[in-house]
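A.B. asks: just coords:
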Ligand SMILES: [Zn+2]
């Protein structure tokens, strides 16, 4: 349906529609829900220090997660991986590999559904069960939670907090799952990044057939650029602790 609408729209609108599809959750949600709710959600950190947090969603993925891990290892860069519970179950060795490094593990639900459309019990199950799987497989707790597709509501935030987690989105999202081209992913990130940014990227996807090669290429360039600009990379928890946000 979305694709049909996209084809029927004239080019200028088509472009806007495309942007809207990607940004709807991450950019608009905070403004829509108002300052009181926005304070409960971590999306960036106010700081003048040149620090950023890279984050990767939807993994572990058998092909792309190792590529990203190798790249991060090579540059000694910590990142935060928001893992999908059922992917952790399918690829426990990879999840342990992430945990062995200097990386942080976050919770990205069990089955990557749009949470605002689920009943309370189902949402709690998606969060709690994923937390248990991550703990069993990696020995780590995962108190940071990123809602799939960045979609949330006040009810979702309440339930996430009841499960003992903190909602984390980000302020730099190049919409890499749409595969806009590797240079575009790179440019969108470097145009928007600032001290205290949380960058959202994807090492995995809903199926094992997703192609994240554009993201992998862009990450290498992003790292090179930010290093040249004297940025330091930290996990999201470390970023948040800079000004007591956690
Ligand atoms: Zn996701």
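C.D. replies: It's in. From a predicted model like this one, the values you see are computed outputs, not experimental measurements.

A.B. asks: now the strands: where do they sit in this protein?
C.D. replies: Assigned by DSSP state E, the strands in the chain fall at 41-42, 51-59, 80-83, 104-107, 144-145, 166-168, 197-202, 232-233.

A.B. asks: What helices and strands are in contact with the fourth one?
C.D. replies: Of the remaining helices and strands, those touching strand 104-107 by 3 or more Cβ pairs under 8 Å, 6 or more residues apart in numbering; DSSP states H and E are strand 80-83, helix 92-100, helix 120-138, strand 144-145, helix 236-241. Glycine gets a C-beta too; all of them are placed from N, C-alpha and C.

A.B. asks: Mean neighbour count, those: which tops it?
C.D. replies: Most buried of the helices and strands packed on strand 104-107, by mean neighbour count (mean count of other Cβ atoms under 10 Å): strand 80-83, with a mean of 29.

A.B. asks: What pairs with that strand, parallel or antiparallel?
C.D. replies: Paired with strand 80-83 in the same sheet, following DSSP bridges, are strand 51-59 (parallel), strand 104-107 (parallel).

A.B. asks: Would you mind listing the outside residues contacting that strand?
C.D. replies: Around strand 80-83, the neighbours that count as contacts under Cβ atoms under 8 Å, 6 or more residues apart in numbering are 53-60, 65, 95, 98, 103-108, 130, 134, 142, 144, 146, 168, 203, 235-237.

A.B. asks: what does the protein have sitting close to the ion?
C.D. replies: Contact residues, the chain versus the ion (Cβ under 5 Å from the ion): 57-58, 148.

A.B. asks: Serialize the residues you listed to JSON lines and add fields for pLDDT and distance to residue 154.
C.D. replies: Output for these, formatted as JSON lines (pLDDT from 0 to 100; distance: Cβ to Cβ, whole Å):
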{"residue": "57", "pLDDT": "98", "distance to residue 154": "22"}
{"residue": "58", "pLDDT": "97", "distance to residue 154": "25"}
{"residue": "148", "pLDDT": "96", "distance to residue 154": "17"}
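
A.B. asks: In this structure, where is pLDDT below threshold?
C.D. replies: Low-confidence segments of the chain (pLDDT under 70): 1-34, 244-246.

A.B. asks: please redo it, this time with the cut-off set to 50
C.D. replies: When residues are selected by pLDDT under 50, those of the chain lie in 1-12, 15-28, 31.
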